[in-house]
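Build me a model:
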Amino acid sequence: QVQLVESGGGLVQAGGSLRLSCAASGITLSINNVAWYRQAPGKERDLVALIDKYAAANVPDSVKGRFTISRDNANNTAFLQMNSLKPEDTAVYYCNAPGSWTRAGPYWGQGTQVTVSS
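Numbers count the residues shown, from 1 in each chain. As a prediction, this is how the structure comes out:
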């Protein structure tokens, strides 16, 4: 059974940083693509970062230069480092695997709330 468990969300002031974690079981992240999505109230769930099985990482232009995705293979955990946070980054952040840049994978975590105050 695949489980993805996110942690690290919280309340932060604009300009601050947070590091989200996604601990996986039942799936080996080092040989699968792993992504972070976010969903704000009333909006669609959007991809914000992806690291593929070759450890190539990519983020969309909307967060480029501020968000970084990484992976700890030994602990089967993925991370999303978020810097220079803005109020518009407020959303529930979800870990997802094993999808692609254009299609989400079948496994989702429960989500972690990130709230950025102005």
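
For the residue most central in space within the chain, which three-state class applies?
A centroid search over the chain (CA atoms, centre = their mean) returns W36, at 2.7 Å, as the residue closest to the centre. Under DSSP: H, G, I helix; E, B strand; the rest coil, W36 falls in the strand class.

Does it touch A49 like I think?
Yes - with contact taken as CB atoms under 8 Å, W36 and A49 are classed as touching, separated by 4.5 Å. To be clear about C-beta, it is placed using only N, CA and C from the backbone, and glycine gets the same treatment.

residues shared between the contacts of those two?
Overlap between the contact sets of W36 and A49, as judged by CB atoms under 8 Å, 6 or more residues apart in numbering, is given by F67, I69, L80.

Give the other helices and strands that the least confident helix or strand in the chain by mean pLDDT contacts.
For the chain, using mean pLDDT, DSSP states H and E, the weakest element among its helices and strands is strand 57-58, scoring a mean of 95. Applying 3 or more CB pairs under 8 Å, 6 or more residues apart in numbering; DSSP states H and E, we find strand 57-58 packed against strand 45-51, strand 67-72.

got a list of contacts for that strand?
If you take CB under 8 Å, 6+ apart as the criterion, strand 57-58 is touched by A49, L50, I51, T68, I69, S70, W101.

In its sheet, which strands sit next to that strand, and in what direction?
Applying DSSP bridges to the sheet, strand 57-58 is found paired with strand 45-51 (antiparallel).
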